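> Provide a 3D model corresponding to the input given below.
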Amino acid sequence: MIIKEFRITLPMTVEEYQVAQLYSVAEASKNETGGGEGIEVLKNEPFASGAGVQPKTPLLGGQYTDGQFTHKIYHLASKVPSYIRWLAPAGALKIHEEAWNAYPYCRTIVSNPDYMKENFFISIETIHLPDRGTTENAHNLSPELLKKREVEHICIATDPVLRSDYKDDEDPTKYKSAKTERGPLKGADWKNHVNPVMTCYKLVTVEFKWFGLQGKVEKFIQKSERRIFTNFHRQVFCWTDKWYGLTMDDIRAIEDKTQKELDEARASGQVKGTKAED
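Next up is the predicted model:
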């Protein structure tokens, strides 16, 4: 089991990020869906204490009880390493994602119940705070877990991205928002000077029980999560003028429309989006 905490600092408020994240998830989902692969949304509905789909354990020790639950299936064939495609039977490369978004806290559980069952899971717990990434125990971890946790800071401006992932119009060192006048993000210390500012603290726990492959796959997954977080948050910032000013009612309407578009795209067209590194 590998536990990492990724910290991603952004030039926006915690309140703005709630809209920015949901808008960007909807847009990114369309970019990853087509040709029989991509994202299928099974549920997108509210939950509350005693109502709706409940998490197995309380969210951040019971501090959060109300929010939005989503259940998605990721049809992945071309998005996993070749050695996994070789080992897994046809139809096994379907990943389930269940998420409880009780913003500013969110828990996401990724699993493969049809094939790996209890031998594989990814837990992503995220808390969003109005700081510059300096809170040392944002998830209230026990001393034992703190010893196992590795902290990695992700800089959306200076961290390298793969050539295949790079897009000129999604480069924070070049982007300037017309609506907010934020950006471009220059220099290694930009986050010490921007205002407003907030940080996503993403605690990622990975377990993959498969003799001979456990360590390799767990490291691959953590590397993949860092790649996803980096690319996604570059988009979140560079799409500022697209989401800035939207309301939560606007977001729910966008999500409903996107769900229909995903169903249509997955049934036709070509495979799109991020491909795995072998």
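> model confidence score at the residue nearest to residue 7 when sequence neighbours are not counted, please.
Leaving aside its sequence neighbours, residue 7 sits nearest to residue 133 (CB to CB, 6 or more residues apart in numbering; 4.3 Å). Bear in mind the C-beta positions are built from the backbone N, C-alpha and C, glycine included. For residue 133, the model assigns a pLDDT of 98.
> any idea how far residue 133 lies from residue 187?
Applying CB to CB, to the nearest Å, the value for residue 133 to residue 187 is 16 Å.
> and if you look at residue 38?
Counting by CB to CB - residue 38 and residue 187 are separated by 37 Å.
> what of residue 194?
For residue 194, the distance to residue 187 - CB to CB - is 11 Å.
> more crowded one of those two?
Using other CB atoms under 10 Å as the criterion, residue 194 and residue 187 rank with residue 194 on top: 15 against 11.
> what's near enough to touch that one?
Residues in contact with residue 194 (CB atoms under 8 Å, 6 or more residues apart in numbering) are 11, 182, 185.
> tally of neighbours for the first one?
It refers to residue 11. Neighbours around residue 11, by other CB under 10 Å: 23.
> quick one: low-confidence ranges for the stretch 1-150 of the chain?
In the predicted model, the stretch 1-150 of the chain carries pLDDT under 70 at residues 32, 34-36, 76-92.
> quick one: the strands in it?
2-10, 38-47, 67-75, 94-102, 105-111, 120-129, 150-154 (DSSP state E, counting those that start in this stretch).
> pretty sure the residue nearest to residue 7 is in contact with residue 153, am I right?
Yes - Residue 133 is in contact with residue 153 according to CB atoms under 8 Å; the separation is 6.0 Å.
> hang on, the earlier thing: possible to save the strands of the stretch 1-150 of the chain as JSON lines with mean neighbour count?
Shown next, in JSON lines, are these (neighbours: other CB atoms under 10 Å):
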{"stretch": "strand 2-10", "mean neighbour count": "21"}
{"stretch": "strand 38-47", "mean neighbour count": "17"}
{"stretch": "strand 67-75", "mean neighbour count": "19"}
{"stretch": "strand 94-102", "mean neighbour count": "19"}
{"stretch": "strand 105-111", "mean neighbour count": "19"}
{"stretch": "strand 120-129", "mean neighbour count": "20"}
{"stretch": "strand 150-154", "mean neighbour count": "14"}
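> pLDDT averaged over the helix ranked longest in the chain, what's the number?
Scanning the chain for the longest helix, with DSSP state H as the assignment, gives helix 214-238. The average pLDDT for helix 214-238 rounds to 92.
> buried residues in that helix, which are they?
214, 217-218, 220-222, 224-227, 229-231, 233-238 (16 or more other CB atoms under 10 Å).
> run the chain-centre distance for the following helix or strand past that helix.
Helices and strands here follow DSSP states H and E; after helix 214-238, the next one along the chain is helix 240-243. Its chain's C-alpha centre lies 18 Å from the corresponding centre of helix 240-243 when counted by CA atoms, centre = their mean, to the nearest Å.
> remind me what helix 240-243 packs against, helices and strands.
helix 14-31 (3 or more CB pairs under 8 Å, 6 or more residues apart in numbering; DSSP states H and E).
> OK, contacts around the residue positioned nearest the centre of the chain?
Residue closest to the average C-alpha location in the chain (CA atoms, centre = their mean): residue 229, at 5.9 Å. Counting by CB under 8 Å, 6+ apart, residue 229 makes contact with 6, 8, 154, 200, 202.
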